[in-house]
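A.B. asks: Quick one: sequence and predicted model below, then my questions.
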Amino acid sequence: MSRPPHIAILDDEPEIRRMLADALEEAGFRVTTHGRATEFEAALKRMAPDVCLVDLGLPDRDGLAVVHRLALESGASIIIISGRAQVQDRVTGLELGADDYIIKPFDPAEVVARVRARLRKARAEPDRGTQVAHFNGWTALFDRYVLLAADGTEVPFSHAEGEVLRLFLDAPKRLISRAQMQESLGGVAGESFDRAMDVRISRLRTKLGEDPKNPTLIKTIYGAGYIFLGDVHWG
């Protein structure tokens, strides 16, 4: 019998931790809670959570820095839970690698639903064995979150950037509209989602050595979406 998904909570408010843990455990998840970033990061050396719920207002570390490190080093989905409600805060969180952003105060049932949605998306991703894709002199290693250049140089990418890259590699030479991106990647359609996608695509172009004024792999079709023009081989 498989073990239930593991959800890790990082929030310095004991009441929030208890409320989230109670709701998630009642929904059938395994839950660990942490009040400080240092203890949370130490625990990550011994565990591999499926989803991390991260508060931004931490007493010992910048929450956004924790999110960014998680995105680079962990395969877990990341959901920010924060009292910061400004659009720019949400955009920054998504830019740094978060998969979703929930504003306090919240209904625990909504958090459970968002967690389930992230897990469904992860299960729906096709199994490609070693999670390796080759295209135009590059190798994408999705199990390590690394782009490998032809000369052996390793360029790390975040979990959020990897989701966009996988979307392109799954559908090369086909138009992908903003609506399709929102449906595939989740999130709330609108200005903050569009800006987050623009940033992720810009960062991918930079990591792939693209000329920002004339990219050859990820082309913008203004008013329609994007097309990935590379030749892709999985495995």
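C.D. replies: Great, that's in hand. Numbering: from 1, shown residues only.

A.B. asks: and the gap between F157 and D60?
C.D. replies: 27 Å (CB to CB, to the nearest Å). C-beta: built from backbone N, CA, C; applies to glycine.

A.B. asks: what residues go with each domain of the chain?
C.D. replies: 6-124, 132-234 (automatic domain parsing).

A.B. asks: Go through those domains and pick out the most buried.
C.D. replies: Comparing the domains of the chain by mean neighbour count (mean count of other CB atoms under 10 Å), domain 6-124 ranks first with a mean of 18.

A.B. asks: Now do that domain, average pLDDT.
C.D. replies: When pLDDT is averaged over domain 6-124, the result is 90.

A.B. asks: Centre of the chain to that domain, how far?
C.D. replies: 11 Å (CA atoms, centre = their mean, to the nearest Å).

A.B. asks: what does stretch 159-174 give?
C.D. replies: With CA atoms, centre = their mean, you get 13 Å for stretch 159-174.

A.B. asks: and the gap between the closest residue in space to R203 that isn't next to it in sequence and P105?
C.D. replies: Excluding its sequence neighbours, the residue lying closest to R203 (CB to CB, 6 or more residues apart in numbering) is E161, at 5.9 Å. To P105, E161 is 31 Å away according to CB to CB.

A.B. asks: swap in L148?
C.D. replies: 44 Å.

A.B. asks: so which helix or strand takes in the residue nearest the centre of the chain?
C.D. replies: Residue closest to the average C-alpha location in the chain (CA atoms, centre = their mean): A160, at 3.3 Å. Using DSSP states H and E, the element containing A160 is helix 159-170.

A.B. asks: who touches that helix?
C.D. replies: 70-72, 74-78, 94-99, 125-126, 133, 135, 140, 142, 145, 157, 176, 181, 184-185, 196-197, 200-201, 203-204, 207, 218, 226, 228, 230, 232, 234 (CB atoms under 8 Å, 6 or more residues apart in numbering).

A.B. asks: Give me the packing partners of whichever helix or strand comes after that helix, helices and strands only.
C.D. replies: Tracing the chain past helix 159-170, the next element assigned as helix or strand by DSSP H and E is strand 175-177. Packing partners of strand 175-177 (3 or more CB pairs under 8 Å, 6 or more residues apart in numbering; DSSP states H and E): strand 225-228.

A.B. asks: Run through who's touching whatever helix or strand comes next after the strand it packs on.
C.D. replies: Using DSSP H and E, the next helix or strand after strand 225-228 towards the C-terminus is strand 232-234. Here strand 232-234 makes contact (CB under 8 Å, 6+ apart) with R128, V132, A133, H134, F135, L169, P172.

A.B. asks: how does it look with 6 Å?
C.D. replies: R128, A133, H134, F135, L169, P172 (CB atoms under 6 Å, 6 or more residues apart in numbering).

A.B. asks: What is the helix or strand hosting L119 packed up against?
C.D. replies: Per DSSP H and E: L119 is located in helix 108-124. When contacts are defined as 3 or more CB pairs under 6 Å, 6 or more residues apart in numbering; DSSP states H and E, helix 108-124 sits against helix 14-26.

A.B. asks: quick one: strands adjacent to whatever helix or strand comes next after the helix it packs on?
C.D. replies: Counting by DSSP H and E, the next helix or strand C-terminal to helix 14-26 is strand 30-34. The pairing partners recorded for strand 30-34 under DSSP bridges are strand 6-10 (parallel).

A.B. asks: Restricting to C-alpha, output the strand it pairs with in CSV.
C.D. replies: Extracted C-alpha coordinates of strand 6-10, given in CSV (Å, rounded to 0.1, in the frame of the first residue of the first chain):
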residue,chain,number,x,y,z
HIS,A,6,3.7,14.3,2.3
ILE,A,7,3.0,18.0,2.9
ALA,A,8,5.6,20.2,4.7
ILE,A,9,4.4,23.4,6.3
LEU,A,10,6.7,26.4,7.1
